[in-house]
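Trainee: All I have is the shape, not the residue letters:
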């Protein structure tokens, strides 16, 4: 069989799906192929990441000014991810010890990131800090979910 490179396609609700049958029919006849169909889940967006760090910086400054608490944005991120998502355990390769670490935002999907952003927003409000919600940043970070949230508030 000639060299074959992995191909990925996304099926969208409003597009015809006949083209995928054509793609399958064009596969070489002299090989076995795995066909995996799964629900697509978007990864967290750069906009969500930017909003999170912007808010954490504002919260860090607020906590220092109001309460004298020195919490860096990185420390706050770890505290919030632990609070919202819990921690993961792993075995240290070198020592064999069981350790815990915060879950990574870089591997997060869109909806869990929205939950994290909502928790940061709620907690900040409970400390007296009302975080900014500029429409362009909020729409970029929350997407269609921002439209739903915004319509409930109005």
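Mentor: Received the coordinates, thanks. Computed from a predicted model, the values in this text were never measured in an experiment. Numbers count the residues shown, from 1 in each chain.
Trainee: sec struct for residue 88, please.
Mentor: Under DSSP: H, G, I helix; E, B strand; the rest coil, the three-state class of residue 88 is strand.
Trainee: My guess is it contacts residue 101. True?
Mentor: Yes - in this structure, residue 88 is within contact of residue 101 by CB atoms under 8 Å, at 6.1 Å. Just so you know, the C-beta spots here come from the backbone N, C-alpha and C atoms, and that holds for glycine as well.
Trainee: what does the average pLDDT come to for stretch 117-126?
Mentor: When pLDDT is averaged over stretch 117-126, the result is 97.
Trainee: That one: which residues count as buried?
Mentor: For stretch 117-126, the neighbour count (16 or more other CB atoms under 10 Å) marks 117, 120, 121, 123, 124 as buried.
Trainee: Low-confidence stretches in this protein?
Mentor: Scanning the chain with the threshold set as pLDDT under 70 gives 1-2, 4, 16, 40-44, 146-154.
Trainee: Can you name the element that comes right after the top helix by length along the chain?
Mentor: If you go by DSSP state H, the chain has its longest helix at helix 46-67. Using DSSP states H and E, the helix or strand that follows helix 46-67 in sequence is helix 73-85.
Trainee: residues of that next one that come out buried?
Mentor: 73, 76, 77, 78, 80, 81, 84, 85.
Trainee: I'd say the second one and residue 56 touch.
Mentor: In other words, residue 76. Yes - applying CB under 8 Å, one finds residue 76 in contact with residue 56, separated by 4.9 Å.
Trainee: Between those two, which contacts overlap?
Mentor: Here residue 76 and residue 56 have residue 120 as joint contacts, going by CB atoms under 8 Å, 6 or more residues apart in numbering.
Trainee: what's the longest helix of the chain in contact with?
Mentor: If you take CB under 8 Å, 6+ apart as the criterion, helix 46-67 is touched by 69-73, 76-77, 80, 105, 110, 113-114, 116-117, 120-121, 123-124, 127-129, 131-132, 137-138, 140-142.
Trainee: ok, now stretch 110-128?
Mentor: 41-45, 48-49, 51-52, 55-56, 58-59, 62-63, 66, 76, 80-81, 83-85, 105, 108, 130-131, 141-143, 145.
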